[in-house]
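**Student:** I'll drop the sequence and a predicted model, then ask my questions.
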Amino acid sequence: MTLYSALTADRTEKLAIAALTAIAGSILLAISAKISIPFYPVPLTMQTFVVIGLGLALGPRLGVAAVSLYLLQGAAGLPVFAGTPEKGIGLAYMMGPTGGYLAGYLLAAFVAGHLGERGMDRSAIRAFAASLLAGAVLYVPGLLWLGALLGWDKPVLAWGLYPFILGDVTKAALAALVFPATWALISKKGGK
């Protein structure tokens, strides 16, 4: 059971709620792309936290649906990605160096969703581990695309992985605080 299913279990208008939830998730993801927090060694956006959070909270299908809507909005030319419209928009932006990471969002939401369905977001240690695992999966298509685009003779890991590790561990720690606390809150209020 995910947070979403726990909160909507008794609702009859499930399709409408699921559609609105996916739309709201895509908007939240777009907002998170525009929030940049000064961090070392690179500025930090909350996109990966939101992607993983959507998976944990909504499950694999609805989490991927929300991320897919976000990617479709970006492909259509809406300035929803980090650095847009300054760094380009639409498919041209998606084919750039961050394109593999954008595709990795789908994979991360899917993995986080499956982990969320298995209760991995209910304790701090398990939520931390689930967030790290889903975040690591995101790097597979990201680094493969970056290497293919820029060349494997370049320092791909130094550009596309190492600078983000500290931020990802910080976001996983945040997930370890937020998700178990949310479960505790809905349990106190009579949730399932």
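**Tutor:** Nice, thanks for sending it over. Numbers count the residues shown, from 1 in each chain.
**Student:** if you count contacts, what does the worst-scoring helix or strand of the chain on mean pLDDT end up packed against?
**Tutor:** Scoring the helices and strands of the chain by mean pLDDT, DSSP states H and E places strand 36-37 at the bottom, with a mean of 85. Contacts defined by 3 or more C-beta pairs under 8 Å, 6 or more residues apart in numbering; DSSP states H and E place strand 36-37 against strand 44-45. (C-beta placed from N, C-alpha, C; glycine too.)
**Student:** contacting residues around the strand it packs on?
**Tutor:** Among residues not part of strand 44-45, those counted as contacts by C-beta atoms under 8 Å, 6 or more residues apart in numbering are 32, 33, 34, 35, 36, 37, 38, 82, 167, 170, 171.
**Student:** quickly check those residues for the two that are furthest apart.
**Tutor:** 34 and 170 (19.0 Å; C-beta to C-beta).
**Student:** center of the chain, which residue is that?
**Tutor:** Centroid-nearest residue in the chain: residue 51, 1.2 Å away (criterion: C-alpha atoms, centre = their mean).
**Student:** so for residue 27, what's the pLDDT?
**Tutor:** pLDDT, residue 27: 98.
**Student:** surely residue 54 touches residue 110?
**Tutor:** No: in this structure, residue 54 is not within contact of residue 110 by C-beta atoms under 8 Å, at 10.5 Å.
**Student:** who touches both of the two?
**Tutor:** Shared contacts of residue 54 and residue 110, defined by C-beta under 8 Å, 6+ apart, comprise residue 63.
**Student:** still on that earlier bit, where's the nearest residue to the residue nearest to the centre of the chain once chain neighbours are set aside, which helix or strand?
**Tutor:** Closest residue to residue 51 apart from its sequence neighbours, by C-beta to C-beta, 6 or more residues apart in numbering: residue 105 at 4.7 Å. According to DSSP states H and E, residue 105 maps onto helix 99-117.
**Student:** one step back: check the spacing between the residue nearest to the centre of the chain and residue 13 real quick.
**Tutor:** The gap separating residue 51 from residue 13 is 26 Å, by C-beta to C-beta, to the nearest Å.
**Student:** returning to that earlier point: what's the closest of the contacts of strand 44-45 to residue 132?
**Tutor:** Of all these, the one sitting nearest residue 132 is residue 171; the distance, using C-beta to C-beta, is 9.3 Å.
**Student:** any idea where the helices of this protein begin and end?
**Tutor:** 3-8, 14-34, 47-58, 60-75, 90-94, 99-117, 124-150, 156-160, 165-188 (DSSP state H).
**Student:** out of those helices, deepest packed?
**Tutor:** Comparing those by mean neighbour count (mean count of other C-beta atoms under 10 Å), helix 47-58 comes out on top with a mean of 28.
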